[in-house]
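>>> Generate a structure from the sequence data that follows.
(one chain, ligands or ions: 1)
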Amino acid sequence: MKKGLLIFGSITAGVGTAAAGSMAYFKKKGICPRCEAKKAISKIKQNYVNDFPYDNGTCLTPPMGWSSWNCFRNKINENIILDIAKAIKASGLAEAGYVYVNLDDCWQSSMRDENGRLQGDLGTFPHGIKHLAEKINSLGLKLGIYSSNGTLTCEDLPASLNHEKIDADTFAEWGIEYFKYDFCHNVPLPTAAPYIDSIAISGNGIEDELVYKAADAALSGEAKAVYEDNGNSYVKGLCSGIGTVTFNDVEVPKAGNYVFTLVMKKYDSDAKYCVATVNGADKYEILIPECKAYSRDGRHQIKIDLKKGKNVISITNPVGSPQDSAALLYERMGRELKRATKEYAEKNNCDEKKILFSICEWGKNHPWKWGGSAGNIWRTTPDIFANWMSVVGIYETNVKLGKYARPGAFNDPDMLEVGNGNLTFEENKSHFTLWAMMASPLILGNDIRTFIKPDGTVDKDSRVLQILTNKDIIGIDQDVLGIQCKRVKTNVITDILVKPLASNEVALCFFNKGLGKAKMSYTVDEIRNIVDVTLPKSSKYACKELWSGEITETENVISAEVPSHGVAVWKISALTE
Ligand code: GAL
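Presented below is the predicted three-dimensional model:
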């Protein structure tokens, strides 16, 4: 950024000599002015695009479960988690659809084990996480786990950046089925790319390295071949997605796994990054650490799969902005999770336990734009807290992102605070309803043990439990179309939400954000004009209000007096004459 500002400083000064001086300075320092300028203006842009949906077969409707964070924070242990799981079962929550029991931050020891694997806190999870997963599974529930896309978690415990493979393998081996991946201590990928002299292929029976000069390869965008007086050549201009070098004729005698050597010219000490795409499909990341550059030449090796005969390998650094870095780093973990569960099942000849991948970078890098290619759900906002301002603030952001949701990929406005803090009965109902209308994950955040009375029976009078087990509201959330509601009317006091449902039905919600009662109304004619709504034309409609259970009939108008901070919500279907 500092370097970028320097460029603009010299341009705006408009002094020819100063600009020429800067150019000489950049050249000496090996700085690519175009890359730096692009970096500066693309702070909020996404350069890297992946059109392939993540689609790992999980999360066809929003996930339902419980997480330890909102209620227990860093004070968790095996007994609490098992007691919660038992209470989920006993209270009827499991039957209502809440299946995931998710360990959030602080399940892990600050020490990796002797094989470099994450392990549970040795004091608070004495029997290990695999044992816990087995216990949770024996209750018919699934265990979820947490790490960060950084060097440490938000509670400063070991995390998974650059440990993606081993951690994904560990989770698969433990039988984890939900993985929340935070963003604390993240280290962004470099926007700089190496200068490439050549690529070399070896191993798999090849005696002499097959060498392909970059200057002889196909260059596109800003990629340029540089020829030095001493006869050396290299290709530059691959940074920030501005250029690509493509080797069209990398020929090997048989299909297999080869050593790929990137022969580069070092030009400064910064870390470099690029992605090699083989035959348009397989992507290999190449991360070159900071260097001393004592020698100008360097060799960086990775293993790649090639097919028999000619292969096409193209190389560029797609990272032009923080968004690009986040998208690529989340994709990396998603890829490893898919690989790990598949490999574990194959090796152990058992059914694959797929892992639902929950991206949690707080909406910072607009994950709704790339989350569906990297994982299953993505947090859209900073953390929720157990107060009304927080709930409404989060709703206001998330409600606008409906177009990004679909089965297998949902916006995540954070875990529920129903039953926590000082939310009133009306506010708890509204919070739950809004999350269901927005096709959000329903991950409970309260102490489920309180639903079980000292004599072991269920507290059926608990109004919080009644809210969380309202089958009709859950049904709105879990509707198989997986469409998030549209906010069809809004002002500072009231909102009207419409969510298309399967079987040509629709959910309508009036939300009163104000401090007094609000009279609200909407019509079936208006609903029928909304995109995706397939409610048929009829002379009469049945409207079931989902908190009172009352069913009324209407020809067109639906109206209600909605209490302060409250909702009225209906499922509407056409009545056949
Ligand atoms: C935050 C995250 C929370 C919780 C916490 C744990 O970044 O948004 O939901 O996971 O970290 O430290």
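
>>> contacts, neighbours, all on C-alpha from now
Will do.

>>> quick one, phi/psi of the residue of the stretch 451-577 of the chain found nearest the ligand?
For the stretch 451-577 of the chain and the ligand, the shortest gap (CA to the nearest ligand atom) falls at Leu468, measuring 20.0 Å. Here is the backbone geometry of Leu468 (degrees, to the nearest 10): phi -70, psi -20.

>>> who's in contact with it?
For Leu468, the contact set (CA atoms under 8 Å, 6 or more residues apart in numbering) comprises Leu93, Val418, Phe432.

>>> Next: Ser521.
Under the criterion of CA under 8 Å, 6+ apart, the neighbours of Ser521 are Val557, Ile558, Ser559, Ala560.

>>> Which of those sits closest to Asn230?
Distance to Asn230 across the contacts of Ser521 (CA to CA) is lowest for Ile558, with 82.0 Å.

>>> what's around the closest one, how many residues?
The local packing of Ile558 (other CA atoms under 10 Å) involves 18 other residues.

>>> close enough to count as contact, it and Glu526?
No - Ile558 lies out of contact with Glu526 (CA atoms under 8 Å); the separation is 10.8 Å.

>>> mind checking the backbone torsions on the closest residue in space to Asp447 that isn't next to it in sequence?
Beyond its immediate neighbours in the sequence, the residue positioned closest to Asp447 (CA to CA, 6 or more residues apart in numbering) is Cys71, lying 6.3 Å away. Main-chain dihedrals, Cys71, degrees, to the nearest 10: phi -100, psi -40.

>>> Run through the contacts of Ser521 and flag the ones next to the ligand.
Applying CA under 6 Å from any ligand atom to the contacts of Ser521, one finds that nothing falls near the ligand.

>>> out of those residues, which is most surrounded?
With neighbours defined as other CA under 10 Å, the most crowded of those is Ile558; it has 18 neighbours.

>>> Against Cys509, how distant is it?
10 Å (CA to CA, to the nearest Å).

>>> Over to Asn162?
45 Å.

>>> Near the ligand, which residues of the stretch 251-400 of the chain are found?
Selection of the stretch 251-400 of the chain residues close to the ligand by CA under 6 Å from any ligand atom yields Asp383.

>>> Any idea which residue of the stretch 251-400 of the chain lies closest to the ligand?
For the stretch 251-400 of the chain, CA to the nearest ligand atom, closest residue to the ligand: Asp383, 4.9 Å.

>>> Helix or strand: which one has the residue of the chain found nearest the ligand?
Using CA to the nearest ligand atom, the closest approach of the chain to the ligand is made by Cys154 at 4.2 Å. Counting by DSSP states H and E, no helix or strand carries Cys154.

>>> Excluding residues flanking it in the chain, which one is nearest it?
Cys184 (5.1 Å).

>>> helix, strand or coil for the one you found?
At Cys184 the chain is in coil, as set by DSSP: H, G, I helix; E, B strand; the rest coil.

>>> pLDDT weak spots in the protein?
Across the chain, residues meeting the criterion (pLDDT under 70) sit at 1-30, 35-44, 577.

>>> Relative to Pro318, how far out is the most centrally placed residue in it?
The residue lying closest to the centre of the chain (CA atoms, centre = their mean) is Ile359, at 2.6 Å. As judged by CA to CA, Ile359 and Pro318 stand 21 Å apart.

>>> what's around the closest residue to Gly140 other than its chain neighbours, how many residues?
Nearest residue to Gly140 in three dimensions, chain neighbours excluded: Val99, at 7.7 Å (CA to CA, 6+ apart). Counted by other CA under 10 Å, the residues lying close to Val99 total 25.

>>> now Asp414
Residues contacting Asp414 under the criterion other CA under 10 Å number 28.

>>> State the helix or strand in which it lies.
Assignment of secondary structure by DSSP H and E places Asp414 within no helix or strand.

>>> Tell me the residues of the chain that contact the ligand?
That would be Trp69, Asp104, Asp105, Cys154, Glu155, Asp182, Asp383, which are the residues of the chain within reach of the ligand (CA under 6 Å from any ligand atom).

>>> quick one: which of these is most hemmed in?
Asp182 (26 neighbours).

>>> can you pull up the bridge partners for that residue?
For Asp182, the beta-bridge partners under DSSP bridges are Ser148.

>>> can you tell me which residues contact it?
Tyr146, Ser147, Ser148, Asn149, Gly150, Thr153, Cys154, Ile359, Cys360, Glu361.

>>> one step back: of Asn162 and Cys509, which one has the most company?
Legend: neighbour count by other CA under 10 Å for Asn162 and Cys509, higher for Cys509 (24 against 15).

>>> Double-check the more buried one against Ala568; I have them as touching.
Yes - contact status for Cys509 versus Ala568: in contact at 5.7 Å, counting by CA under 8 Å.

>>> quick one on the thing from earlier: the residue nearest to Cys154 reaches Asn149, doesn't it?
Yes - at 6.9 Å, Cys184 counts as touching Asn149 under the criterion of CA under 8 Å.

>>> When these two are compared, which one has more neighbours?
Asn149 (28 against 19).

>>> contacting residues around that one?
Ala159, Ser160, Leu161, Tyr181, Asp182, Phe183, Cys184, His185, Asn186, Leu329, Tyr330.

>>> Then Asn70?
Here Asn70 is in contact with Phe385, Met415, Glu417, Gly445, Asn446 (CA under 8 Å, 6+ apart).

>>> 6 Å instead?
By CA atoms under 6 Å, 6 or more residues apart in numbering, Asn70 lies in contact with Gly445.

>>> ok now the helix or strand containing it, how far from the chain's centre?
Assigned by DSSP H and E, Asn70 belongs to helix 69-72. Helix 69-72 sits 21 Å away from the centroid of its parent chain (CA atoms, centre = their mean, to the nearest Å).

>>> could you point out which element follows it?
Downstream of helix 69-72, the first helix or strand assigned by DSSP H and E is helix 78-90.

>>> Could you measure from the closest residue to Lys75 other than its chain neighbours over to Ile76?
Of all residues not flanking Lys75 in the chain, Cys106 sits nearest, at 7.6 Å (CA to CA, 6+ apart). Per CA to CA, Cys106 is found 7 Å from Ile76.
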